[in-house]
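Visitor: after the sequence you'll find the predicted model.
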There are 2 protein chains.
Amino acid sequence: MNFPLPKGYRFAGVCCGIKPSVKKLDVGLIVSDLPATAAGVYTQNLVCGAPVQLDRRRTPGRGFRVIVTDSGVANACTGAEGLRNAEKMGDLAADAIGTEGKSALVLSTGVIGVQLPMDRVEAGIKNAVSQLSDTYEAFENAEIAMMTTDTVKKMVSRTVPLQDGTVVTFAGMCKGAAMIGPNLATMLVVLLTDVSLNPETAQSMLKAAVDETFNCISVEGHTSTSDTVLFLANGAVGPQNLCPEDEKAVGKTLLELCQELAPMIPNDGEGITHLITIDVNGCPDRASAKKIAQTIANDALVKTAICGADPNWGRIISASGRAGVPFDPMKVSLRVNGYDLYRDGTPLDFDREAVSESIRDNRETRFELFFKEGNGSIRFWTSDLTTEYVHLNADYTT
Amino acid sequence: MNFPLPKGYRFAGVCCGIKPSVKKLDVGLIVSDLPATAAGVYTQNLVCGAPVQLDRRRTPGRGFRVIVTDSGVANACTGAEGLRNAEKMGDLAADAIGTEGKSALVLSTGVIGVQLPMDRVEAGIKNAVSQLSDTYEAFENAEIAMMTTDTVKKMVSRTVPLQDGTVVTFAGMCKGAAMIGPNLATMLVVLLTDVSLNPETAQSMLKAAVDETFNCISVEGHTSTSDTVLFLANGAVGPQNLCPEDEKAVGKTLLELCQELAPMIPNDGEGITHLITIDVNGCPDRASAKKIAQTIANDALVKTAICGADPNWGRIISASGRAGVPFDPMKVSLRVNGYDLYRDGTPLDFDREAVSESIRDNRETRFELFFKEGNGSIRFWTSDLTTEYVHLNADYTT
């Protein structure tokens, strides 16, 4: 298998029984053997999980050795006790690998409003430490230990050569299948590299990459309490200071890693049958293009139409009009899967059956919207809305 | 039947075959025998239907004699031809009752992006004129002729005595079951009274009433292209000029009429099993309370949880946090159906089975959210999200 892993990291995922009814890996560790630089981007939800509060305080910075994760309990809306538990979870992980509490970061996902079973978490961390390894299987276990309703693993890897011939490796893992709406989602993402970066550079590279990727996806538009993207750079290979060309190459690789990883989330949206790519062009600026794309992406009527392979394009135009972005309605055009359906505010004749087939027979559907207001454009990804999504979410805690 | 109708109005609803596959009433007339004052409140969607453009230009004003409606084709996203058709539809109705085109208002609902079959509409209007009557049955036919996926008729009536003993009558009819998201929805509402009002008074009374009612409901949050609330006051009874006390009583009655009518829409939301009433209290102001209520009301995760009678209250708190309104997360409390679930940012122990039962066994569910930021409060109504909603919307045009 061609899945290079960055040097100097070890991984583990074990089952500690956070959800007694489901025997799945639910506690994970990602350990850097060298103290690493860490950057983080977090949910914009005002109500945020205890781990988000902890990590936000600690990043960006240096000297990080471990990320400890759990799935099953999000540790959000858990009051003062939840904050103490998040801190303790980090301390336990740091202690178990023989370092200080402040070198730990914490990620939790699952049900909101429930306290972590700390005795189980503690036993899980001890067990995980004994299994740490730098193999692909261990990396995969750490990924599985973060998953909740995800049906597929979401892991990518790539390398980039520096000017001096050193090969830098990146690997990323993430989870997320619902409560996905920018900015960020119940989406946990861990990005690792073995090059050396200072905290400010790591943070600005991460923010730039996330803006174009993890902030441009949604499933149902609910920005979670727990969204977190963490980026570690441990300096196990290459020079201590990158030259501008190398820094550019490293930033570009991080972006590509995120571009590959981000659409995997809506493509695994709960119960979905279609990944929808929305390209919005010709807006006054990128922010207004995003507002329109996002309004379409979260529109239940658009999403159900795609689920039913129904070329009911009026819903897409109507959703654009309610986005709060000014535009001339008589200068809007729409293409779906390459078929022109609407031009300059006027409906076109089209082969309804052919468009319906192009939706039904493909996993991916593409909307292209054209405005004539400027040069702002964006690409956004979302999923359709199916009866299965409703089934899955109608009884998640009961 | 105790359903008084205001004096001086006649009604009709007929089938003209706009949707050839479904034999239902699809063209309606509401005629005022006296020239009436008309006020209107319209969708805030930038992409709005041709009838909205027409009515918006004409109201508020005096001298209105007829509202002509169709269901099946929304006449939205139909370009210049659509605008000509809306105008023609009004002209045909006015002509058929022997008056001028500019005394007509038009309402259309149905699929977007399709042109009206004008020959059928013309035949329908002629037929409707021959059936005009002031009976309850005729009023009911006009209501049915506006309905699309509505499963129940939504009609209310009430009277109010003036100081001089004159009894003023109000009647209202509306349609709407999806594409419902403030501000306004594919919601058509016609409110009638037989008192005399000048256009400015009628418009300000209507706006005040709509703000607290039809602008506080949603099904899935999609503001339609075609939302319209029309209010006619024809002066068939009572004085030409109301004294302040009478004006206040008339305005209050209009509000009560709307308060009764508005929740009927989410209560008939497509495929729904629950009407959800959301009371938000203690916000900095009414606008921020509305933002929070609306974010909760349109949240797919909250709506599916209620569908499943799942007391997953964390989703309600999380939805509040993503509404973009600043508040202290440690000063938030939540009650569902009278059960206290969350107080001052801390989860409470509660009888999960009892709360679940209180949701499952009742058509109506009530959320009460308490913030400690000020005196802004609002009441908002929405529906749950069910697999049936997805079924209905996955193939609406095909």
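Guide: Ah, there it is. Numbering: from 1, shown residues only, chains lettered A, B, ... in the order given.

Visitor: low-confidence regions, chain A specifically.
Guide: Regions of chain A meeting the criterion pLDDT under 70 cover residues A:1, A:178-185, A:220-223, A:395-398.

Visitor: got the domain ranges for it?
Guide: A:9-267, A:271-394 (automatic domain parsing).

Visitor: please produce TSV containing those, extended by mean neighbour count and distance to residue B:66.
Guide: (C-beta placed from N, C-alpha, C; glycine too.) Output for those, formatted as TSV (neighbours: other CB atoms under 10 Å in any protein chain shown; distance: least, CB to CB, whole Å):
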stretch	mean neighbour count	distance to residue B:66
domain A:9-267	22	42
domain A:271-394	20	27
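
Visitor: how about CSV for these, with distance to chain B added?
Guide: Shown next, in CSV, are the domains of chain A (distance: least, CB to the nearest CB, whole Å):
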stretch, distance to chain B
domain A:9-267, 2
domain A:271-394, 2
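
Visitor: would you mind saying which of the ones you listed lies nearest residue B:314?
Guide: Of all the domains of chain A, domain A:9-267 sits nearest to residue B:314, with 2.5 Å by CB to CB.

Visitor: got the end-to-end distance for that closest one?
Guide: From the first residue to the last, domain A:9-267 extends over 28 Å; the measure is CA to CA, to the nearest Å.

Visitor: now the strands for the stretch 1-150 of chain A?
Guide: A:9-14, A:27-42, A:61-73, A:104-111 (DSSP state E, counting those that start in this stretch).

Visitor: so which elements touch the second one?
Guide: When you say that, I think you mean strand A:27-42. Where contact means 3 or more CB pairs under 8 Å, 6 or more residues apart in numbering or on different chains; DSSP states H and E, strand A:27-42 is packed against strand A:9-14, helix A:50-58, strand A:61-73, helix A:118-129, helix A:136-146, strand A:188-193, helix A:199-212, strand A:228-233.

Visitor: which secondary structure element contains the closest residue to residue A:369 other than its chain neighbours?
Guide: Once flanking residues are discounted, residue A:369 sits nearest to residue A:280: 4.9 Å by CB to CB, 6 or more residues apart in numbering or on different chains. Using DSSP states H and E, residue A:280 falls within strand A:275-283.

Visitor: my guess is residue A:272 contacts residue A:383. True?
Guide: Yes. With contact defined as CB atoms under 8 Å, residue A:272 reaches residue A:383; the gap is 3.9 Å.

Visitor: now do the shared contacts for the two.
Guide: Residues touching both residue A:272 and residue A:383 by CB atoms under 8 Å, 6 or more residues apart in numbering or on different chains: A:219, A:266.

Visitor: returning to that earlier point: in a markdown table: the strands of the stretch 1-150 of chain A, plus distance to residue B:212.
Guide: A markdown table is the format used below for those (distance: least, CB to CB, whole Å):
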| stretch | distance to residue B:212 |
| --- | --- |
| strand A:9-14 | 53 |
| strand A:27-42 | 37 |
| strand A:61-73 | 40 |
| strand A:104-111 | 36 |
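
Visitor: picking that back up, got the domains of chain A as JSON lines, with distance to residue B:213 columns?
Guide: As requested, the domains of chain A are exported to JSON lines (distance: least, CB to CB, whole Å):
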{"stretch": "domain A:9-267", "distance to residue B:213": "26"}
{"stretch": "domain A:271-394", "distance to residue B:213": "20"}
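
Visitor: which of these sits closest to residue B:64?
Guide: So among the domains of chain A, domain A:271-394 is nearest, using CB to CB, at 26.6 Å.

Visitor: which element is the residue of chain A most remote from its centre on?
Guide: What lies farthest from the middle of chain A is residue A:349; by CA atoms, centre = their mean that is 39.1 Å. Using DSSP H and E, residue A:349 is not contained in any helix or strand.

Visitor: can you give the distance from stretch A:320-332 to the centre of its chain?
Guide: Put simply, stretch A:320-332 sits 29 Å off its chain's centre (CA atoms, centre = their mean, to the nearest Å).

Visitor: now do stretch A:54-72
Guide: Its chain's average C-alpha position is 16 Å from that of stretch A:54-72, according to CA atoms, centre = their mean.

Visitor: kindly format the C-alpha coordinates of that stretch as CSV.
Guide: C-alpha atoms of stretch A:54-72 as CSV (Å, rounded to 0.1, in the frame of the first residue of the first chain):
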residue,chain,number,x,y,z
LEU,A,54,-8.7,23.6,26.0
ASP,A,55,-7.1,23.3,22.6
ARG,A,56,-8.0,26.8,21.6
ARG,A,57,-6.1,28.1,24.7
ARG,A,58,-3.0,26.0,23.9
THR,A,59,-2.6,26.5,20.2
PRO,A,60,-0.7,27.7,18.2
GLY,A,61,2.4,26.8,20.1
ARG,A,62,5.4,24.5,20.5
GLY,A,63,6.2,21.4,22.5
PHE,A,64,3.2,19.2,21.8
ARG,A,65,3.6,15.4,22.2
VAL,A,66,0.2,13.9,22.1
ILE,A,67,-3.4,14.2,20.8
VAL,A,68,-5.9,12.0,22.7
THR,A,69,-9.3,11.4,21.2
ASP,A,70,-12.6,9.8,22.1
SER,A,71,-15.7,9.0,20.2
GLY,A,72,-19.1,8.5,21.8
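
Visitor: re earlier: and the residue farthest from the centre of chain A, how close does it get to residue A:340?
Guide: As judged by CB to CB, to the nearest Å, residue A:349 and residue A:340 stand 10 Å apart.

Visitor: packing partners for the strand holding residue A:280?
Guide: Packed against strand A:275-283 by the contact rule (3+ CB pairs under 8 Å, 6+ apart) you find helix A:286-297, strand A:364-370, strand A:376-383.

Visitor: so the longest one versus strand A:364-370, what angle?
Guide: Here helix A:286-297 runs at 130 degrees with respect to strand A:364-370, directions being taken by axes from the mean of the first three to the mean of the last three CA atoms, to 10 degrees.

Visitor: quick one: the helix or strand just after helix A:286-297 to strand A:364-370, angle?
Guide: Elements were assigned by DSSP H and E; along the chain past helix A:286-297, the next helix or strand is helix A:300-307. With the same axes, to 10 degrees as the basis, helix A:300-307 and strand A:364-370 are set at 130 degrees to each other.

Visitor: where does the residue lying closest to residue A:235 once chain neighbours are set aside land in three-state SS?
Guide: Once flanking residues are discounted, residue A:235 sits nearest to residue A:196: 3.1 Å by CB to CB, 6+ apart. The three-state label given to residue A:196 by DSSP: H, G, I helix; E, B strand; the rest coil is coil.

Visitor: distance of residue A:196 from residue A:97?
Guide: 21 Å.

Visitor: tell me the contacts of residue A:135?
Guide: Here residue A:135 is in contact with residue A:11 (criterion: CB under 8 Å, 6+ apart).

Visitor: who's in contact with residue A:86?
Guide: Taking CB under 8 Å, 6+ apart, one finds A:49-51, A:53-54, A:75, A:106, A:108 in contact with residue A:86.

Visitor: need the max-distance pair from those.
Guide: Farthest pair in these, by CB to CB: A:53 and A:108, 11.3 Å.

Visitor: just the CA trace of the strand holding residue A:280, in CSV.
Guide: Taking Å, rounded to 0.1, in the frame of the first residue of the first chain, the C-alpha atoms of strand A:275-283 are listed here in CSV:
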residue,chain,number,x,y,z
LEU,A,275,-22.2,14.3,-3.4
ILE,A,276,-23.1,17.7,-4.8
THR,A,277,-20.3,20.1,-6.0
ILE,A,278,-21.5,23.7,-6.2
ASP,A,279,-19.5,26.2,-8.3
VAL,A,280,-20.6,29.8,-7.9
ASN,A,281,-19.1,32.3,-10.3
GLY,A,282,-19.3,36.0,-11.1
CYS,A,283,-20.2,37.3,-7.6
